[in-house]
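Chemist: have a look at this prediction, sequence included:
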Amino acid sequence: DTGVSQNPRHKITKRGQNVTFRCDPISEHNRLYWYRQTLGQGPEFLTYFQNEAQLEKSRLLSDRFSAERPKGSFSTLEIQRTEQGDSAMYLCASSPRGEGNTEAFFGQGTRLTVV
Amino acid sequence: QKEVEQDPGPLSVPEGAIVSLNCTYSNSAFQYFMWYRQYSRKGPELLMYTYSSGNKEDGRFTAQVDKSSKYISLFIRDSQPSDSATYLCAMINTNAGKSTFGDGTTLTVKP
């Protein structure tokens, strides 16, 4: 399967714990995005990488959130001191080089539940 | 007010019906317009994207953009039960690099 891969698919954690999610984009896609989606809502943009450079971060990305993309390949999203409001589906998408990056391919997401 | 507003639904139609899904937007800088399909507990899947005003057809799907009215639509002809999903519109300001999504319309096609 050469699609966008996200791990784990599900994560249940206690409030206050740290969690880390991984995203493996489609090979050679230089753009990588993280979104968060809650029930009944569309995905909300969190952050965006072009290669290893983090080009934009949403105001939604508080100081408890950090994302990295070392060497411009896979990416990790870490949430520190999780809160119940962090419960959501975290989606990763990748896109090849090109104007408008219209062909964004999404992974299946990591569903986080904070109890 | 959100930058992208999508008809909330839910929408229930009989098999074979023509379905119309609609979004409006307020940001004139949006240049690319996409429609995604999302099945329950899955990631969004890109269906179509358009750049200019007008219609774009792909099989049973037609995407329509009216930039002057800031209005986009997705039409599904001869709808099938397998089309039952949540449909998300999304838009990009190419200078921003991110997509702004509507909240989705859930469609059920009944056999």
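Modeler: Yep, that arrived. Given the structure is predicted, the values throughout are model-derived calculations rather than measurements. Residues are numbered from 1 along each chain as shown, chains lettered A, B, ... in the order given.
Chemist: drop to CA atoms for contacts and neighbour counts, all remaining ones
Modeler: OK.
Chemist: give the partner strands of the lowest-mean-pLDDT helix or strand in chain B in its sheet and their orientations.
Modeler: Among the helices and strands of chain B, strand B:45-50 carries the lowest confidence by mean pLDDT, DSSP states H and E, at a mean of 90. Taking DSSP bridges as the criterion, strand B:45-50 sits next to strand B:32-38 (antiparallel) in its sheet.
Chemist: same question for the partner strand, mean pLDDT?
Modeler: The average pLDDT within strand B:32-38 is 94.
Chemist: just stretch A:73-92 next, same as before
Modeler: So the average pLDDT for stretch A:73-92 ends up being 96.
Chemist: is any residue of that stretch near chain B?
Modeler: Yes - using C-alpha under 8 Å from any C-alpha of the partner chain, stretch A:73-92 comes into contact with chain B via A:Leu91.
Chemist: spatially nearest residue to B:Ser40, not counting backbone neighbours?
Modeler: Distances taken as C-alpha to C-alpha, 6 or more residues apart in numbering or on different chains place B:Ala85 nearest to B:Ser40, at 7.1 Å, with adjacent residues excluded.
Chemist: for the one you found, what are its contacts?
Modeler: Residues counted as contacts of B:Ala85 (C-alpha atoms under 8 Å, 6 or more residues apart in numbering or on different chains) are B:37-40, B:106-108.
Chemist: any stretches of the chain with poor pLDDT?
Modeler: Using chain A. Along chain A, the parts satisfying pLDDT under 70 run over A:1, A:97-103.
Chemist: switch to chain B, please.
Modeler: If you take pLDDT under 70 as the line, chain B has these spans: B:95-96.
Chemist: near chain A, which residues of it are found?
Modeler: Residues of chain B lying close to chain A by C-alpha under 8 Å from any C-alpha are B:32, B:34, B:41-46, B:49, B:88, B:92-94, B:97-104.
Chemist: list buried residues within the contacts of B:Ala85.
Modeler: B:37-38, B:106-108 (16 or more other C-alpha atoms under 10 Å in any protein chain shown).
Chemist: in chain A, which residue is closest to the centre?
Modeler: A:Trp34 (3.2 Å; C-alpha atoms, centre = their mean).
Chemist: quick one: contacts for A:Val115?
Modeler: Neighbour list for A:Val115: A:12-15, A:84 [criterion: C-alpha under 8 Å, 6+ apart].
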